[in-house]
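K.L.:
Sharing a sequence plus its predicted fold:
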Amino acid sequence: MLKAENLTKQFGTHTALNNLNLEIKKGDIYCLLGSNGAGKSTTINIFLGFIPANSGRALIDGHEVTVNNHTTRDLVAYIPEVVNLYGTLTGMENLEFFSGLSGYNYSKEELTSFMETAGLQHSAINKRVSSYSKGMRQKVGIAIALVKKAKALFLDEPTSGLDPHASNEFSQIITRLSDQGVSTLMATHDILMAKNLGNRIGIMHQGTLHHDLLSEEISHSDLTRIYIDIVKQDV
């Protein structure tokens, strides 16, 4: 579903990505661990078509990603650390607006179903988003992915700042989407989240993917040790 082939990105003299090779299959939850500047967000931004690579290719469902490529953008949904919604609109109105931008025309009943599938309480659906917690905003973001029928989901530090209950709810929803065949690439600093949620874990440092691990084959303590050994190279 997602593939990076020798993906390289430079900003001036700084190499943000160095020959990244990565393959994420249908239904995979791939957690990309790394400190700030490791290349996680750059990877996501290239897949989303926000920035171009200097060399190599990013592919989504066999389609090569280029900047402002509507074919690949229609296949994906993006949930950043802070989901940008219109605060003066209700959750329902936001979902209706964004589904319209994607070319879909759903009934109120269908939109309500998407919101409830994403875990948003029924009582909040018609409240203004300005009153929402971060966790509630994330659920609207997931509902937007559902209305788009996204095949791939990109998450950038989505659980940062969430309380344990909201973080657990979020993980359960992503797992359900995985069971439905949605592929997920998540950038995170949270080792425990990566171990518990991802079925695959990548560890990046200074633009290079150092490890590509199966979650079931590594313990939390070993994952922590490997991650710290890589990150402390900066110290």
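P.N.:
Okay, I see it.

K.L.:
Output the contacting helices and strands for the lowest-mean-pLDDT helix or strand in the chain.
P.N.:
Lowest mean confidence among the helices and strands of the chain (mean pLDDT, DSSP states H and E): helix 70-73, at a mean of 86. For helix 70-73, the packing partners by 3 or more CB pairs under 8 Å, 6 or more residues apart in numbering; DSSP states H and E come out as strand 63-64. For every residue, glycine as well, the C-beta is placed using N, CA and C.

K.L.:
Go ahead and name everything in contact with the strand it packs on.
P.N.:
Residues outside strand 63-64 that contact it (CB atoms under 8 Å, 6 or more residues apart in numbering): Arg57, Ala58, Asn69, Thr71, Thr72, Leu75.

K.L.:
among those residues, who's most crowded?
P.N.:
In terms of neighbour count, Ala58 stands highest of those at 23 neighbours, by other CB atoms under 10 Å.

K.L.:
What's the mean pLDDT across the strand or helix carrying that one?
P.N.:
Here Ala58 sits within strand 55-60, counting by DSSP states H and E. Strand 55-60 shows a mean pLDDT of 96.

K.L.:
ok, residues contacting it?
P.N.:
With CB under 8 Å, 6+ apart, strand 55-60 has contacts from 1-8, 19-20, 46-47, 64-65, 72, 75-76, 151-152.

K.L.:
what do you get if the cut-off is 6 Å, keeping everything else the same?
P.N.:
Residues outside strand 55-60 that contact it (CB atoms under 6 Å, 6 or more residues apart in numbering) are 3-8, 46-47, 64-65, 72, 75, 152.

K.L.:
and what of stretch 210-220?
P.N.:
Here stretch 210-220 makes contact (CB under 6 Å, 6+ apart) with Lys195, Gly198, Asn199, Ile201, Gly202, Ile203, Ile230.

K.L.:
The fourth one belongs to a helix?
P.N.:
No: Ile201 sits outside any helix when classified using DSSP: H, G, I helix; E, B strand; the rest coil, being strand.

K.L.:
Look up the residues forming beta bridges with it.
P.N.:
Following DSSP bridges, Ile201 is listed with bridge partners Cys31, Leu213.

K.L.:
which ones are touching it?
P.N.:
Shown in contact with Ile201 (CB under 6 Å, 6+ apart): Cys31, Ala194, Leu213, Ser215.

K.L.:
Just list whatever residues bridge to His63.
P.N.:
According to DSSP bridges, beta-bridge pairing links His63 with Ile60.

K.L.:
Can you get me a residue count around it?
P.N.:
Look at His63: counted by other CB under 10 Å, it has 13 neighbours.

K.L.:
returning to what we had before: got the contacts of Ile201 as CSV, with distance to Gly103 and pLDDT columns?
P.N.:
Below are the contacts of Ile201 laid out as CSV (distance: CB to CB, whole Å; pLDDT from 0 to 100):
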residue, distance to Gly103, pLDDT
Cys31, 31, 96
Ala194, 34, 92
Leu213, 38, 95
Ser215, 36, 94
